[in-house]
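Chemist: Pasting the sequence and the predicted model now:
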Amino acid sequence: MGKDILQDKVLVLNKHYQAVQITTVLRAICHLVKGTAKVITPDWTTHTLEEWIEASRFYDNGRLIRSPSLSLVAPEAIYLVNYDRLPRLEVVFNRANLFMRDHYTCQYCGKSVRNPKDRTIDHVIPRSRGGKTVWTNVVLCCRKCNLKKGDRTPEEAGMKLLKKPEPPRWQSLFLEKFPEEKREAWKPFLDFAGLYPES
């Protein structure tokens with residue numbers, strides 16, 4: 001079996017087809033072998049392991065896994081047949097999650113700030129005026145805009161936020177970590193529950 005394919009990511013849905021986590025192809029196959037999950041394709045067809053092995057002869061996503069005893073396509077998504085819970089909806093406030101929420105973009109000028117040397121965190125209402133370090137008062141900001149704004153509100157500095165800072169949804173954050181083609185493969189399942197982030 002291809003080692004890289006086994007570590008590739010698979011979207012996991014609960015039995016109501018709601019996204020609950022991301023796992024590896026290897027763990028997804030373990031779920032299929034135990035019968036605790038089924039493969040689900042973008043057209044909402046579901047397959048047991050045996051059915052998926054058979055369907056793999058006709059379904060090609062370019063990720064074929066071969067072993068002496070079987071050959072199957074690595075699934076893009078599985079659903080847990082008996083699991084009905086939802087993940088914790090609150091996203092932990094930290095720098096990494098803030099950067100992902102703001103798409104590594106200065107929330108004042110729109111410049112990409114992937115370079116850590118040009119990346120700062122701005123309190124919309126300055127801390128010196130009682131501004132708190134919470135999702136709704138903190139944004140990613142380039143050094144130039146942070147210097148320009150200083151210890152003022154955006155209005156006082158003649159600056160405007162690209163969007164109002166809000167707590168992120170966990171689905172948006174976990175999608176940010178994956179390449180565009182992976183997010184596209186998962187889109188039907190996330191659209192189903194209204195979870196696909198707006199562009």
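Modeler: Sure thing, it's come through.

Chemist: what about Asp4, how many residues close to it?
Modeler: By other C-beta atoms under 10 Å, 9 other residues sit near Asp4. C-beta: built from backbone N, CA, C; applies to glycine.

Chemist: you'd agree it is in a strand?
Modeler: No: per DSSP: H, G, I helix; E, B strand; the rest coil, Asp4 lies outside any strand segment and is helix.

Chemist: what about it, distance to Arg63?
Modeler: Remark: distance between Asp4 and Arg63 (C-beta to C-beta, to the nearest Å) = 9 Å.

Chemist: which secondary element of the protein has the worst mean pLDDT?
Modeler: helix 170-176 (a mean of 61; mean pLDDT, DSSP states H and E).

Chemist: Provide the secondary structure category for the residue lying closest to Trp44 once chain neighbours are set aside.
Modeler: Leaving aside its chain neighbours, Trp44 sits nearest to Pro188 (7.6 Å; criterion: C-beta to C-beta, 6 or more residues apart in numbering). Here Pro188 is helix, with the state taken from three-state DSSP.

Chemist: Pro188 reaches Ala19, doesn't it?
Modeler: No: under the criterion of C-beta atoms under 8 Å, Pro188 makes no contact with Ala19, lying 11.1 Å away.

Chemist: More neighbours: those two, which one.
Modeler: Per other C-beta under 10 Å, whichever of Pro188 and Ala19 has more neighbours is Ala19, with 24 against 17.

Chemist: Cool, thanks, signing off.
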